[in-house]
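Student: from the sequence below, what's the structure:
(chains A, B, C and D)
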Number of protein chains: 2
Amino acid sequence: MSEHLHHPPTEELELTAVLHALSDPIRLGIVRDLAGNGACNCGAFSVPVAKSTLSHHLKVLREAGVTLTEPAGTQRVVSLRAADLESRFPGLLDAVLAAAPAEAA
Amino acid sequence: MSEHLHHPPTEELELTAVLHALSDPIRLGIVRDLAGNGACNCGAFSVPVAKSTLSHHLKVLREAGVTLTEPAGTQRVVSLRAADLESRFPGLLDAVLAAAPAEAA
DNA sequence: ATCCTTGTTCGACGTTCGACGAACATCGTA
DNA sequence: TACGATGTTCGTCGAACGTCGAACAAGGAT
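Tutor: Numbers count the residues shown, from 1 in each chain, chains lettered A, B, ... in the order given. From the prediction side, this is the model:
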């Protein structure tokens, strides 16, 4: 479980990849959880999908540069790369997070 | 050519649909053109796809609520629903447009 | 050493997407 | 009326996506 997790460097973040990562309701929910609760281990998300599917979504978010995944013992801690996103795409994450709650309501 | 073009009302714009519409390079280019040049007829976009494909992309943008398509004689004028997007998702379009040029460079 | 917990990877399946050309519809004009 | 220009729709194709269960890998605890 300790492979070399690939995280794109901040300068190489692609807008279309980030937008695509955020355009799925499950992944958007994960991002919202992270923004509200801070870092989480993979099992802490309340998403209605199988764990293999969750793992896939977390991989998409990580490879798009939206999240950071760090091994921590037998778990993995997932967090938002908020500062990196802000420096590469100023205002984008804030705009998405500001809008997301209205979606849920 | 004068069907009832469906445009979702501002209150019903869905964030995931908007993000998905913007997550394709072709469509992002169209949005960037519209932001820079104002309204365009369908043929005025310099996109490397067949016209049927362009029509499809314009339909995706329209149904997500990103663009407004109005018949004008034998043509159709496409424009950005910038104000609607701003009121529903404040800052989102600006953030995307600010980032887009860096992608192209 | 043996489990148990956590999370990833591997096919498999069905759906959606992006692309194209051909055919069609519409409006303006000759 | 007939033609031409502008877009849309249809049918098709391969690729990518989202989902699942089963099998696997790794670290901690007993």
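Student: the residue sitting nearest the centre point of chain A bridge partners, please.
Tutor: The residue lying closest to the centre of chain A (Cα atoms, centre = their mean) is residue A:67, at 3.9 Å. As for beta bridges, residue A:67 partners with residue A:80 under DSSP bridges.
Student: from what I can see it touches residue A:85, true?
Tutor: No - the criterion here is Cβ atoms under 8 Å, and residue A:67 misses it with residue A:85 at 9.9 Å. Any C-beta I mention is one placed from the backbone N, CA and C, and that applies to glycine too.
Student: which ones are touching residue A:29?
Tutor: Shown in contact with residue A:29 (Cβ atoms under 8 Å, 6 or more residues apart in numbering or on different chains): A:45, A:47.
Student: I'd like the average pLDDT over the strand or helix carrying it.
Tutor: Per DSSP states H and E, residue A:29 falls inside helix A:25-37. Mean pLDDT, helix A:25-37: 95.
Student: residue A:94 against residue B:92, yeah?
Tutor: No - with contact defined as Cβ under 8 Å, residue A:94 does not count as touching residue B:92 (9.3 Å).
Student: and those two? which has more neighbours close in?
Tutor: residue B:92 (22 against 17; other Cβ atoms under 10 Å in any protein chain shown).
Student: contacting residues for the more buried one?
Tutor: With contacts defined as Cβ under 8 Å, 6+ apart, the neighbours of residue B:92 are A:92, A:95, A:96, A:99, B:18, B:85, B:86.
Student: grab the nearest non-local neighbour of the fourth one.
Tutor: Pointing back at residue A:99 there. Leaving aside its chain neighbours, residue A:99 sits nearest to residue B:89 (4.4 Å; criterion: Cβ to Cβ, 6 or more residues apart in numbering or on different chains).
Student: quick check on that neighbour: phi, psi?
Tutor: The phi and psi values for residue B:89, taken as degrees, to the nearest 10, are phi -130, psi 80.
Student: ditto for residue A:47
Tutor: The phi and psi values for residue A:47, taken as degrees, to the nearest 10, are phi -110, psi 140.
Student: do a quick rundown of the strands in chain A.
Tutor: Using DSSP state E, the strands found in chain A span residues A:40-41, A:67-72, A:75-80.
Student: could I get the average pLDDT for the last one?
Tutor: It refers to strand A:75-80. For strand A:75-80, mean pLDDT is 95.
Student: what residues does chain A put near DNA strand C?
Tutor: A:1, A:3, A:41-43, A:51-52, A:54-56, A:58-59, A:69, A:74-76 (Cβ under 7 Å from any atom of the strand).
Student: swap the cut-off to 10 Å and go again
Tutor: Residues of chain A lying close to DNA strand C (Cβ under 10 Å from any atom of the strand) are A:1-6, A:16, A:20, A:23, A:40-45, A:50-59, A:62, A:69, A:71-78.
Student: and for residue A:68, the neighbour number?
Tutor: Applying other Cβ under 10 Å, we find 18 residues neighbouring residue A:68.
Student: low-confidence ranges in chain A?
Tutor: Within chain A, the stretches with pLDDT under 70 are A:1-3, A:100-105.
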